[in-house]
Structures are given as C-alpha cells and as structure tokens.
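Trainee: Provided below are the primary sequence and the corresponding predicted coordinates.
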Amino acid sequence: MTAPWWRSAVFYQVYPRSFAPSRPAPTGDLAGIEAHLDHLSWLGVDAVWLSPFYPSPQADFGYDVSDYCDVDPAYGDLAAFDKLLGACHERDLRLLVDLVPNHSSDRHPWFVAARSSRDDPKRDWYIWRDGTPDEPPNNWMAAFSPVPAWTWDDATGQWYLHQFLPQQPDLNWDNPEVVEAMHDVMRFWLDRGVDGFRIDVIHGIGKEPGLPDDPPDMARLPHATLNDTARTHELIRGMRALVDSYPGDRLMLGEVYLLSTERVATYYGEGDELHLSFNFPPLYTRWRADRWRAQIADTHRLIDGRGAWATWVLSNHDNVRHRSRYGSENRARAALFLLLGLRGSPVLYAGEELGLEDAVVPPDRVVDPGGRDGCRAPVPWSAAADHGWGVTDPWLPWPPEPERRNVEDLSADTSSILHLYRRLLAARRASPALRLGDFEMLDAGPDVVAWRRTGGAGSGHRIVAVNMGPSPAALELAGTVLVASDGAGEGSPFPGTLGPDRAVLIEPV
Ligand code: TEU
C-alpha cells in the first residue's frame, strides 16, 4: 500500500495578510500568493496551508470568521480563491484551508441572531449561562489576557462563553444544527477542490458536560490549553467520516494546543480522527540536545507508537520565530535538519527560509491582542525600499535586515539559508528513507542529537546529526556529506567532526 501524500509532504504555512500583495497595498491578498507560487515550487515544498482569508472584522486577524464560505474583500473573492487553487494544483502543490470551528466572530449572522433574544432559534448555537453580572458561571479563563472566558450580555441577561476574545464566541457543538452547519462549511470547500483543512483549536469544540471548573492550580491558564474531553473525539470522528467520503486523501491537520504529546496523541483516535496533529511541546523546547532527545523519544513512543504520523513545526503565526528564539542563523540552519530529518511531516512557516527574525514592533504599532505581531511581519521579496510590496510601510513593520534577508537577494546567493532550505528539501524528496523510513536514535555524545533513517522501499539509509553544544563534536560516522548546514564539504566524506550549532545529512557507506 502506498502511503497517502501527506505522510511524505512538506507543508508551508502562508499568512495571507503578510505574504504578498498583488497591487501596492499594506496587506497581502490571494492574487499576491498566486503570483509568488513559483517561489514555493522552486523551494520544493508540497503543500500550502493558508491561514484564514474569510470575511472577518479582524479582531483576531481572520480567526474571527463572520462568513465561513466567502473571501474577505481585502484578500479578493471566491474567483480569486478558485484561481489560486487551480494554480497550486497546476504546480502539484496541495492546498489546505484553515477551518475555525470552535468559535465564530461576534459579527457572524449566527451570533448576531443568537444575541438578539433568548428566544431566537440561533440562541442555542452558542453557549449561554444564567447568572449575575458579577460572577461568571465558572473559573475558565480566556486566551491572550487574564480575563474570564465569559462575557455578560446585558441586553439578554446571560453570559456567553469565549475561550478566546469576547469577539470570538464559542459555538455550541452539542447542538446538532451547529454540527450540520460546520459540516456544510467543510463540504463547501471540499467541493471546490481543497486538499483538506488545518483545523483551528480542534480540541476545544467539545465541552465537558456541566462545564466544571478548571482545577485551582491550573485556573490561571487559558482554558483553551486545558479543554480535553471525550465529546470532542466523537465530533472529530464525524468530521473525519465526512472528509473520508471525498476522493483523493483529503486531509485533517488539527491544531491540538494541549502542551502534552501524550494528550495530543489521543486526537489521532484509532485511525478515525485526525490524520495529522500539530504537537507543540517540541516547538517550546530549548536548543539543548538532552531536551530534544527527550521530545523526540516522546513523539516516537506516543505518536509513532500508536501507528500514527507525527508533524514537526518550529515557527508559525502564533509564536516567536525559531530564528529569534534560538538566537542565531547557524542554529536556525541546523534546526532545519530536525524539521526535515525527523520522522513525520514538517510544517514550515513562510519567511523561515529567509532566516527571518521577528520584527521589532514599537508600542504604537501593536495590533494583535495576543502579542504575536513580531512573527507576522511582512515577507520581504526584494531589497528595494518597498521590498516588493509597492508600499514602504505595510500593516506591520518589516522584519530585521530586509535589505539583505529578502527572496531576491538570498536566491542570488547559493551560500544563503534560502539555498540550504532548497538543498535539504531536495535531498529529502530524493530519499524514501527520509520521507517515510524508520527512525533509530544514535548515541553521539551529550551535545549531539543524531539518528538514522532506514528503509522506505529501495533506498539507502540516511544519518542526520545536529550539534547543539558550544564546541566541535567528534563523531564516528562514515559516509558522504549530502547537505551541511553551513554548506561545508558537501559531496565529500564526513570529516569526523561537527562544529557547534552545525548539522549534517550523511549517506552512510
Ligand atoms: O491558536 C490557538 C492557541 O491556543 C493560541 O492562540 C495560543 O494560545 C497562543 O497563540 C500562544 O501564543 C489558534 C490560532 O492559531 C490563533 O492564531 C488564534 O488566535 C486562536 O486559535 C483563536 O482562533
């Protein structure tokens, strides 16, 4: 049996607002993404995940959806979406759209109706509780700022639940009409031909009956990081059956934002829930070999161990970029060997191939209530003052060094991090062992994370070594260096030493 496409795919996240505009504008759009697809083909990724582009008041920059079946005029229209999808498929790129099922915008007609009166037929599409304005129904906290996950609606005299902003009321998935409505949304995009969904806070949709308090010692954490109930698994199985009824291995890649790989693993079900899930504990792991070995061992035990397929991600639109977290380009280069060399499907975030750091956002330019503006800075396409955007001052400040860290300049420099991404992506594509093979950790001393990938029909083995320590490491590995994080010695025998914050991909003899 051949593996489904998503097991060997490398995903690339595009944040539409920050990728590229098709005309001079401070924000990107769908036609701008289409115009830059050649960059993705040249780079060598397999699939694009598009963050939300739906009509939205932008309280959470698109994760507050006011119409699930349309395109925000700022990004284009449905015709532009269809064109983008067609252009992806012409280049053999798959396209995932972002499904946001846990909450809608408070301006969605469903919530506008629900809020209009206690008797409205849509009232029960959201989660309302009686009480008094001074005491929320339970101790759940919202994300982004330490406020209750409940807002009092004066007009109708009840509380409504929102695990995120008050402008993002949680939908009531215990109401079969909500389930059906969200299934209809999925059909809408599947019928248009999308290859699947990245599903926002999928672990949040089911709620524990009776909405019990969070444990007192956890009560300061956002409830969204704790919501973990059997009901959600049932709901995911319903979505999975729908997705599986379509031809072509459509994908559900869920965002399970529970900071425990053990809990994340359960969302794969028995092969009947998510096909893939994000797993964030590795993203929050420091640049230390012992920590990484532990995360990798957990992932293999808990995810591979149940016959599921892991994902690896180090940067996205919610977190400080790993180039900034790890503190140097050398480390960002070496980290790519983790992403592309470990067993599972990597998810890259637009701009990491340029070695971008987070933008420095002065207080008067802050727009995100979650403090995540830095990683959402616009992608620089050229060295010019407008960096290919047609405007010099886009919606967020440029990331550092845009005159050097831009697609045009780094494409022209074969020693750049951008070319490293391209070479390692090509080496991965050419190696069934790297894409699909088995994994075995090697003992390479305290500061080095090293492993062997074997099998994957008819291929040679591959060894990857990453030195996270402060000094050169002697490694008894014999073979040819296929790709080196600093480009040194590629095509030659491995010299036996790996420098600090360096990584290599070796074809063993
Ligand atoms: O994120 C879920 C989530 O839990 C994160 O918001 C996380 O708590 C925070 O960003 C840590 O820095 C998803 C989306 O990825 C995010 O952009 C949305 O804001 C959120 O859901 C609500 O839709």
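Mentor: Received it, and whenever you're ready, just let me know what you need. Residues are numbered from 1 along each chain as shown.
Trainee: I'd like to know which residues of the protein are adjacent to the ligand.
Mentor: 60, 63, 100, 143, 164, 200-201, 222, 224, 255, 257, 317-319, 370 (CB under 6 Å from any ligand atom). From N, CA and C alone the C-beta is placed, and that goes for glycine too.
Trainee: Widest-spaced pair of those residues?
Mentor: V100 and N319 (18.3 Å; CB to CB).
Trainee: wait, what's in contact with the residue nearest to H108 when sequence neighbours are not counted?
Mentor: The shortest distance from H108 to any non-neighbouring residue, by CB to CB, 6 or more residues apart in numbering, is to S66 (4.7 Å). By CB atoms under 8 Å, 6 or more residues apart in numbering, the residues touching S66 are 54-57, 104-105, 107-109.
Trainee: Output those residues as TSV; include the columns neighbour count.
Mentor: Shown next, in TSV, are those (neighbours: other CB atoms under 10 Å):
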residue	neighbour count
Y54	22
P55	21
S56	24
P57	15
S104	29
S105	27
R107	17
H108	25
P109	12
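Trainee: Output stretch 139-150 in PDB with nothing but the alpha carbons.
Mentor: Taking C-alpha atoms only, stretch 139-150 is exported to PDB below (Å, rounded to 0.1, in the frame of the first residue of the first chain):
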ATOM      1  CA  ASN A 139     -13.500  29.800  36.600                       C
ATOM      2  CA  TRP A 140     -12.400  29.300  32.900                       C
ATOM      3  CA  MET A 141     -10.000  31.900  31.600                       C
ATOM      4  CA  ALA A 142      -9.900  33.400  28.100                       C
ATOM      5  CA  ALA A 143      -6.700  33.300  26.000                       C
ATOM      6  CA  PHE A 144      -4.500  36.400  25.400                       C
ATOM      7  CA  SER A 145      -5.200  38.300  28.600                       C
ATOM      8  CA  PRO A 146      -6.100  37.100  32.100                       C
ATOM      9  CA  VAL A 147      -9.900  37.700  31.900                       C
ATOM     10  CA  PRO A 148     -12.800  35.300  32.300                       C
ATOM     11  CA  ALA A 149     -13.800  33.200  29.300                       C
ATOM     12  CA  TRP A 150     -17.300  34.700  29.800                       C
END
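Trainee: I'd like the mean pLDDT over that stretch, please.
Mentor: On average, the pLDDT along stretch 139-150 is 96.
Trainee: For that stretch, buried residues please.
Mentor: Residues of stretch 139-150 classed as buried: 139-144, 148-150 (neighbour count, 16 or more other CB atoms under 10 Å).
Trainee: ok, now stretch 171-181?
Mentor: Applying 16+ other CB under 10 Å to stretch 171-181 flags 171-173, 175, 178-179, 181 as buried.
Trainee: contacts for that stretch?
Mentor: Contacts for stretch 171-181 (CB under 8 Å, 6+ apart): 101-104, 110, 124-127, 182, 205-207, 231, 235, 238.
Trainee: what about the helices in the stretch 351-500 of the chain?
Mentor: 407-411, 417-429, 432-436 (DSSP state H, counting those that start in this stretch).
Trainee: Any chance of JSON lines for those, columns distance to T480, mean pLDDT and mean neighbour count?
Mentor: As requested, the helices of the stretch 351-500 of the chain are arranged in JSON lines below (distance: least, CB to CB, whole Å; pLDDT from 0 to 100; neighbours: other CB atoms under 10 Å):
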{"stretch": "helix 407-411", "distance to T480": "26", "mean pLDDT": "98", "mean neighbour count": "18"}
{"stretch": "helix 417-429", "distance to T480": "11", "mean pLDDT": "99", "mean neighbour count": "21"}
{"stretch": "helix 432-436", "distance to T480": "14", "mean pLDDT": "96", "mean neighbour count": "21"}
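Trainee: Now distance to D82 too, for those helices, in JSON lines please.
Mentor: Shown next, in JSON lines, are the helices of the stretch 351-500 of the chain (distance: least, CB to CB, whole Å):
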{"stretch": "helix 407-411", "distance to D82": "26"}
{"stretch": "helix 417-429", "distance to D82": "28"}
{"stretch": "helix 432-436", "distance to D82": "30"}
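Trainee: and of the ones you listed, who's closest to C375?
Mentor: Of all the helices of the stretch 351-500 of the chain, it is helix 417-429 that lies closest to C375, at 16.8 Å by CB to CB.
Trainee: what's the closest one packed up against?
Mentor: helix 37-43, helix 329-341, helix 407-411, helix 432-436, strand 479-484 (3 or more CB pairs under 8 Å, 6 or more residues apart in numbering; DSSP states H and E).
Trainee: which of the residues in stretch 289-299 are buried?
Mentor: 289, 291-293, 295-296, 298-299.
Trainee: if I look at V449, how far off is A149?
Mentor: Distance of V449 to A149, given as CB to CB, to the nearest Å: 39 Å.
Trainee: Kindly report the same for T480.
Mentor: To A149, T480 is 55 Å away according to CB to CB.
Trainee: Dump the buried residues of stretch 171-181 to JSON lines, plus pLDDT and secondary structure.
Mentor: Output for the buried residues of stretch 171-181, formatted as JSON lines (pLDDT from 0 to 100; DSSP: H, G, I helix; E, B strand; the rest coil):
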{"residue": "L171", "pLDDT": "99", "secondary structure": "strand"}
{"residue": "N172", "pLDDT": "98", "secondary structure": "coil"}
{"residue": "W173", "pLDDT": "98", "secondary structure": "coil"}
{"residue": "N175", "pLDDT": "98", "secondary structure": "coil"}
{"residue": "V178", "pLDDT": "99", "secondary structure": "helix"}
{"residue": "V179", "pLDDT": "99", "secondary structure": "helix"}
{"residue": "A181", "pLDDT": "99", "secondary structure": "helix"}
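Trainee: For D447, the count of nearby residues, please.
Mentor: Residues lying near D447 (other CB atoms under 10 Å) number 18.
Trainee: And the one 4 residues further on, by the same measure?
Mentor: With neighbours defined by other CB under 10 Å, the count for W451 comes to 21.
Trainee: Now do the contacts for it.
Mentor: Here W451 is in contact with 296, 341-342, 439-442, 463-464 (criterion: CB under 8 Å, 6+ apart).
Trainee: In three-state terms, label the closest residue to the ligand within the stretch 1-150 of the chain for me.
Mentor: Of all residues in the stretch 1-150 of the chain, Y63 sits closest to the ligand, at 3.3 Å by CB to the nearest ligand atom. Secondary structure assignment for Y63 (DSSP: H, G, I helix; E, B strand; the rest coil): coil.
Trainee: Contacts only, for it.
Mentor: Y63 touches 52, 56, 100, 164, 168, 200, counting by CB under 8 Å, 6+ apart.
Trainee: Sweet, I'm off.
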